[in-house]
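[1] Got a sequence here, can you model it:
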Amino acid sequence: MYLTRQEIFELLRRDYDGSEEARSAPHYNLRVNSIIDVSQINPQTQETSIRPQHLVTIVTESIHLPEEYIGFLYPKKRFERNGLLVFNTGIIHPSYNGPLSFQMINLATNPFLIKSNDEVLELLVYKNTKPFSKYPWNIKNYIEDRTQELRQLPPTFLDINEDKIKTLATEHSRRWFNWVFGVLASIATVFIVWQSLLTNTSLQHANQLIEKYQKVEGVDDRLEGIEKKVNQIEKIVRNKQP
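    The predicted model follows:
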């Protein structure tokens, strides 16, 4: 059976500060204790603006669950509506004592401001029937451990930053230009060869026509000579007639 919000406040030994209407709600809102942003010079901060594609770790307030209770964590809906991806939330084991943490990535196009004391997770608590081993955590050691782990991760989603994007875009543009230039050069070469072949073929055809014309012109000259001789013979024959 789940606990109401007022019962969770009492379980965590906190003074209830909500409205009367919310006393029966089935969850407790966990708040931010600090933010770890390894892309900054000082990773631990109380306030940060999460840039697009950047990843941060949120450390919440500490809680202590008695051994007969188990907790379940869910991110607040406002993160989803603002384009933030929240992961590594889940189960809080019975007897857990210490802060909680989860990762957040900004998949939107605008920065998102988050700061200490913001409500970030909804905690649902159920009563457990079996005892569980204890998990004591010190907040300082907990943050130091998480910071060391996060230094092994890239500061941005898929390890993509602006400089890398610009470099990839430049390389892609250069490859694309070289490819287009190569295609155009090949087309130009083919055109020039084709034009040359066409010109040679045209010249050959023209030479053949010229030769044929010259042959025909020579025949005409011979025919004119024959015609002249025939005319001369006719004149001689006419002169010899009485």
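
[2] Name the next helix or strand downstream of the worst-scoring helix or strand of the chain on mean pLDDT, please.
    Taking mean pLDDT, DSSP states H and E as the measure, the helix or strand of the chain with the lowest value is strand 135-136, at a mean of 58. Proceeding N to C from strand 135-136, the next assigned helix or strand is helix 139-150, under DSSP states H and E.

[3] now that following helix: mean pLDDT?
    Predicted confidence along helix 139-150 averages 77 (mean pLDDT).

[4] Run the chain-centre distance for the next helix or strand after that helix.
    As assigned by DSSP H and E, the chain's next helix or strand after helix 139-150 is helix 162-240. Relative to the chain's own centre, helix 162-240 is displaced by 54 Å; criterion: Cα atoms, centre = their mean, to the nearest Å.

[5] pLDDT of helix 162-240, averaged?
    Here the average pLDDT along helix 162-240 is 75.

[6] Just to check, Gly83 is in contact with Ala108?
    Yes: applying Cβ atoms under 8 Å, one finds Gly83 in contact with Ala108, separated by 2.9 Å. Where you see a C-beta, it was placed from the backbone N, CA and C, and this is true even at glycine.

[7] Domain-wise, how is the protein divided?
    5-159, 161-242 (automatic domain parsing).

[8] how about those in a markdown table, adding mean neighbour count?
    Shown next, in a markdown table, are the domains of the chain (neighbours: other Cβ atoms under 10 Å):
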| stretch | mean neighbour count |
| --- | --- |
| domain 5-159 | 16 |
| domain 161-242 | 10 |
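
[9] Gln65 and Thr4, how far apart?
    You called it Gln, but residue 65 is Leu. Counting by Cβ to Cβ, to the nearest Å, the gap from Leu65 to Thr4 is 16 Å.

[10] what bridges to Phe102?
    Ile58 (DSSP bridges).

[11] ok, now the one 4 residues further on?
    When assigned by DSSP bridges, Asn106 has beta-bridge partners Leu84.

[12] Do you know the pLDDT at it?
    Predicted confidence (pLDDT) for Asn106: 93.

[13] right, and it touches Thr48 too?
    No: the criterion here is Cβ under 8 Å, and Asn106 misses it with Thr48 at 10.7 Å.

[14] Met104 sits in which helix or strand?
    Assigned by DSSP H and E, Met104 falls in strand 101-106.

[15] Run the chain-centre distance for that strand.
    Per Cα atoms, centre = their mean, the centroid offset for strand 101-106 relative to its chain is 19 Å.

[16] what's that strand packed up against?
    strand 55-60, strand 84-87 (3 or more Cβ pairs under 8 Å, 6 or more residues apart in numbering; DSSP states H and E).
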